[in-house]
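Chemist: Below is the structure, and that's it, no one-letter string:
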């Protein structure tokens, strides 16, 4: 009898516990899309970009098969960007980039086996400007949203000019060129927040389709040119970008 009473009391207690409303308790759905961390909230403004500068000067420099190089040059580039988050983790924006390079070689030579090539009084200079319109999607890596993958996909237009001349013979001898191209791009990258409003990013070109044209004038007399279509579906180290972004507005 005592055992039967104990069993009935146990059943009543368990039933009472199950019937009590789950006040203060929250059911967690692991597959609830609303639980996805927000890296960039809707309405956020993103301003940033990257800039680089390098210069060199060689005096009788030799390395491996290169001998006696006397040269000087520089490379400078800047690429500011502006974005607006139209949805959580989704932004649209534009990037304007400009780059300029110069190389002047007074003399130098290269020797490979029995082959020898020498350069003297060589000068080259070029500049490029590009405008890119893109869509950026953020994929959170950690729940805090401070680290995320991102993918930029968009359209880029580029225009550039360049020249290669012999410094001692003046402006008549050399090659002048102008070029333009239009490209579809897809650049994956990673974003890391160092504060609620500042993030470092790195992106790398991995895929794209481009069509371009180059027009040349040789010695200010003869003309040449080329049209080219290119498809790229591999990592391109020359498209590596490292920079900083500022996130403005409510987070």
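Modeler: It's in. Note that the structure is predicted; figures quoted are calculated from it, not measured. Numbering: from 1, shown residues only.

Chemist: how about the strands in this structure?
Modeler: Taking DSSP state E as the test, the strands found in the chain are 45-63, 66-87, 90-112, 115-140, 147-166, 174-195, 198-205, 207-218, 222-232, 236-248.

Chemist: how about JSON lines for those, with distance to residue 39 added?
Modeler: Backbone N, C-alpha and C define where each C-beta goes, glycine included. Shown next, in JSON lines, are these (distance: least, C-beta to C-beta, whole Å):
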{"stretch": "strand 45-63", "distance to residue 39": "11"}
{"stretch": "strand 66-87", "distance to residue 39": "9"}
{"stretch": "strand 90-112", "distance to residue 39": "10"}
{"stretch": "strand 115-140", "distance to residue 39": "4"}
{"stretch": "strand 147-166", "distance to residue 39": "5"}
{"stretch": "strand 174-195", "distance to residue 39": "7"}
{"stretch": "strand 198-205", "distance to residue 39": "9"}
{"stretch": "strand 207-218", "distance to residue 39": "23"}
{"stretch": "strand 222-232", "distance to residue 39": "28"}
{"stretch": "strand 236-248", "distance to residue 39": "9"}
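
Chemist: now the ones you listed in CSV, with mean pLDDT and mean neighbour count?
Modeler: Conversion of the strands of the chain to CSV gives the following (pLDDT from 0 to 100; neighbours: other C-beta atoms under 10 Å):
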stretch, mean pLDDT, mean neighbour count
strand 45-63, 87, 13
strand 66-87, 91, 16
strand 90-112, 89, 16
strand 115-140, 89, 15
strand 147-166, 92, 17
strand 174-195, 91, 17
strand 198-205, 89, 18
strand 207-218, 85, 15
strand 222-232, 77, 11
strand 236-248, 82, 14
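
Chemist: So which of these is nearest residue 36?
Modeler: Distances from residue 36 to each of the strands of the chain were compared by C-beta to C-beta, and the smallest falls on strand 115-140, at 6.9 Å.

Chemist: Counting by contacts, list what that closest one packs against.
Modeler: Other helices and strands packing on strand 115-140, by 3 or more C-beta pairs under 8 Å, 6 or more residues apart in numbering; DSSP states H and E, are strand 90-112, strand 147-166, strand 174-195.

Chemist: Let me know the angle separating that strand from strand 174-195.
Modeler: Relative orientation of strand 115-140 and strand 174-195, computed by axes from the mean of the first three to the mean of the last three C-alpha atoms, to 10 degrees: 30 degrees.

Chemist: about what we covered before: of all the strands of the chain, which one is nearest residue 38?
Modeler: If you check each of the strands of the chain against residue 38 by C-beta to C-beta, strand 115-140 wins as the nearest, at 7.9 Å.

Chemist: Quickly run through the sheet partners of the closest one, with directions.
Modeler: Paired strands of strand 115-140, with direction, are strand 90-112 (antiparallel), strand 147-166 (antiparallel) (DSSP bridges).

Chemist: I'd like the ones you listed laid out as a markdown table, including distance to residue 38.
Modeler: Conversion of these to a markdown table gives the following (distance: least, C-beta to C-beta, whole Å):
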| stretch | distance to residue 38 |
| --- | --- |
| strand 90-112 | 11 |
| strand 147-166 | 10 |
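
Chemist: Tell me which of the ones you listed lies nearest to residue 247.
Modeler: Between residue 247 and those, the shortest separation by C-beta to C-beta is 10.0 Å, and it involves strand 90-112.

Chemist: Between strand 45-63 and that closest one, find me the angle.
Modeler: Taking the same axes, to 10 degrees, strand 90-112 and strand 45-63 form an angle of 10 degrees between their directions.

Chemist: Show me how far strand 90-112 is from its chain's centre.
Modeler: The gap between where strand 90-112 is centred and where its chain is centred comes out at 16 Å by C-alpha atoms, centre = their mean, to the nearest Å.

Chemist: and the angle from that strand to strand 66-87?
Modeler: Between strand 90-112 and strand 66-87, the angle comes out at 170 degrees (the same axes, to 10 degrees).
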